[in-house]
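Undergrad: here is the input, now give the coordinates:
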Amino acid sequence: AQINGHFIHGSKIVIHTPRNYNTSIIKDILYKELDKLSYDENALNNSDIGIVYDNFQDESLVEDIVNIRCQNIRNDKISVCFCEYGYSAEWPAVVVLHRMSSSWLDSAFELPALYLEISRARVYCSVILYPEEHKTLESFRNTIDLFYSLKDHVHIIRH
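TA: Here you go, the predicted structure:
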């Protein structure tokens, strides 16, 4: 019998966790994920890749990287979407950029929002989970501990 809930029918979710807010590291991770997902344009179908971000400050960073890295791929192959505008969308592959905010540290919104971002993926999902500026990953110990408790179900890569 099917267990209730959302399941990605593919490999484990990959969670990249940079130690601090560093745009160079975030860009490098996103470049590598896009290379992995878009190495062969012919292998992609329309709107196969969704890039979901949750902070408007990251919009230009994401769009610049997509425009540079994926210039040979038709625009309908990759969708860049602010998280709140994509809750009804689904893609086979999703890259999530999720900035952890200290204003959400004790809030009930952080994990449900992250779940909604991840649940846009059907086969492959990679998450870049990074702290806000002037904070370190250790500032978000509860969230990180949660993911480490799920280590059998997610692949965590620290940067």
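Undergrad: next structured bit after the worst-scoring helix or strand of the chain on mean pLDDT?
TA: Of all helical and strand segments in the chain, the minimum by mean pLDDT, DSSP states H and E falls on helix 141-149, at a mean of 76. Sequence-wise, the next helix or strand downstream of helix 141-149 (DSSP states H and E) is strand 154-158.
Undergrad: what are the buried residues along that next one?
TA: Neighbour-count burial for strand 154-158 flags 154, 156 (criterion: 16 or more other Cβ atoms under 10 Å). C-beta: built from backbone N, CA, C; applies to glycine.
Undergrad: show residues contacting it.
TA: 11-17, 19, 147-148 (Cβ atoms under 8 Å, 6 or more residues apart in numbering).
Undergrad: next, Thr136: phi, psi?
TA: phi -120, psi 170 (degrees, to the nearest 10).
Undergrad: switch to numbering from 165
TA: With 165 as the first residue, the last one maps to Thr300.
Undergrad: so what's it bridging to?
TA: Assessed by DSSP bridges, Thr300 has beta-bridge partners Asn184.
Undergrad: and if you look at Ile321?
TA: His180.
Undergrad: for Lys315, see how far away it is.
TA: Distance from Ile321 to Lys315, counting by Cβ to Cβ, to the nearest Å: 12 Å.
Undergrad: didn't Val216 look like it was pressed against Arg284?
TA: Yes - in this structure, Val216 is within contact of Arg284 by Cβ atoms under 8 Å, at 5.8 Å.
Undergrad: which of the two has more neighbours?
TA: Val216 (28 against 22; other Cβ atoms under 10 Å).
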